[in-house]
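Trainee: give me coordinates for this.
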Amino acid sequence: MKSVLITGANRSIGLEVAKQLSEKGLFVYLGSRNLEKGEAIVADLLKQGFKNIKAIAIDVTQPESISAAKDSIEKEQGKLDILINNAGILGNSPQMAVDTPVNHIQEVFDTNFFGVISVTQAFLDLLKKSESPRISNITSGLGSLTLHSDPSWKYYQVKTAAYGTSKAALNAYTIVLAYELKDLPFKVNVIDPGYTATDFNHHSGPGTVESAASFIIKHTLTDDGALSGQFYSNDIEDETGISPW
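Mentor: Reported below is the predicted structural model:
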């Protein structure tokens, strides 16, 4: 049975990904900063008939928390097949480049960028023990420099000095990571679930969490011939789903 760790999986898209992967027969570690909240969610899921889901405490901004989660999964599974770096924060609004306090931007980067790096590096040894390791970094269309430079893009006016830039940095890191792992059976990609109605955006997005989760899973549970180092977006109206960087 393949195992997957999903950070920030106690609500919204992350939770739906956990549910759908459980239904597909994977052992799911539902990552939550607060273990009690995570365990309460898992208890409810088990009552609903979901199987092979376990809450695990992981705060991507705290090295001790990441290390403890890694040790627990290593003890129980001996390896990790899939890492979905889903945890993220929007930060304070508005986010103007001219006056957003640097510490506010740093706070967003700590979770969305540095947190991903910390978790990925910590779990890399366990992923290398898998026959088909996958790393999916959850990004946003707001991280596309190409789209942000196109006045015809439908979200052109949505500029965020912290959130969008953190996702652009995440995209760049993923390209480097995919390149460094290209000679191993890894598939490393950034995946944008699209503008989805969640608590994250006060349910303003047109997409559903079910569609967002399915899209993430589609580009995570890939075969050996799949591409690596790609940027997939659920908002791209193209059969490939590949977004410009």
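Trainee: residue boundaries of the strands in this structure?
Mentor: For the chain, the strands defined by DSSP state E occupy 3-6, 27-32, 53-57, 82-85, 134-138, 187-192, 231-233.
Trainee: now render these as a markdown table, adding mean pLDDT.
Mentor: What follows is those, written out as a markdown table (pLDDT from 0 to 100):
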| stretch | mean pLDDT |
| --- | --- |
| strand 3-6 | 98 |
| strand 27-32 | 98 |
| strand 53-57 | 98 |
| strand 82-85 | 99 |
| strand 134-138 | 99 |
| strand 187-192 | 98 |
| strand 231-233 | 98 |
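Trainee: so what's the residue nearest the centre of the chain up against?
Mentor: In the chain, the residue lying closest to the centroid (Cα atoms, centre = their mean) is N86, at 2.5 Å. By Cβ atoms under 8 Å, 6 or more residues apart in numbering, N86 lies in contact with I6, T7, G8, A9, I13, G14, V17, G31, I138. Yep, even glycine has a C-beta here, placed from its N, CA and C like the rest.
Trainee: tell me the spacing between the fifth one and D99.
Mentor: Okay, so that is I13. Shown here: I13 relative to D99, a distance of 31 Å by Cβ to Cβ, to the nearest Å.
Trainee: higher neighbour count, those two?
Mentor: Taking neighbours as other Cβ atoms under 10 Å, I13 and D99 compare with I13 leading, 27 against 8.
Trainee: tell me who's in contact with the closest residue to the more buried one other than its chain neighbours.
Mentor: In space, and not counting its chain neighbours, I13 is closest to A212: 4.8 Å by Cβ to Cβ, 6 or more residues apart in numbering. With contact taken as Cβ under 8 Å, 6+ apart, A212 is in contact with I13, E16, P193, G194, T196, N234.
Trainee: A212 and P244: what is the separation?
Mentor: 20 Å.
Trainee: go on, N52?
Mentor: To P244, N52 is 37 Å away according to Cβ to Cβ.
Trainee: same question, V28
Mentor: In this view, V28 and P244 are 32 Å apart by Cβ to Cβ.
Trainee: one more: W153?
Mentor: Noted for W153: a distance of 10 Å to P244, by Cβ to Cβ.
Trainee: and the average pLDDT for stretch 69-77 is what?
Mentor: Stretch 69-77 shows a mean pLDDT of 98.
Trainee: in the sheet, who's paired with V28?
Mentor: In this entry, V28 is beta-bridged to V4, I53, by DSSP bridges.
Trainee: was I right to think it contacts A18?
Mentor: Yes - between V28 and A18 there is a contact under Cβ atoms under 8 Å: 4.9 Å.
Trainee: what residues do these two have in common as contacts?
Mentor: Common contacts of V28 and A18, defined by Cβ under 8 Å, 6+ apart, comprise I6, A9, I53.
Trainee: now distance to G229 too, for those residues, in JSON lines please.
Mentor: Listed next are these as JSON lines, based on distance: Cβ to Cβ, whole Å:
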{"residue": "I6", "distance to G229": "21"}
{"residue": "A9", "distance to G229": "25"}
{"residue": "I53", "distance to G229": "30"}
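Trainee: most neighbours of all these, which one?
Mentor: Highest neighbour count within these: A9, with 31 neighbours (other Cβ under 10 Å).
Trainee: what sits against that one?
Mentor: With contact taken as Cβ under 8 Å, 6+ apart, A9 is in contact with L15, V17, A18, V28, L30, G31, S32, G38, N86.
Trainee: with I242 instead?
Mentor: By Cβ under 8 Å, 6+ apart, I242 lies in contact with Q230, F231, Y232, S233, I236.
Trainee: against G229, how distant is it?
Mentor: Per Cβ to Cβ, I242 is found 11 Å from G229.
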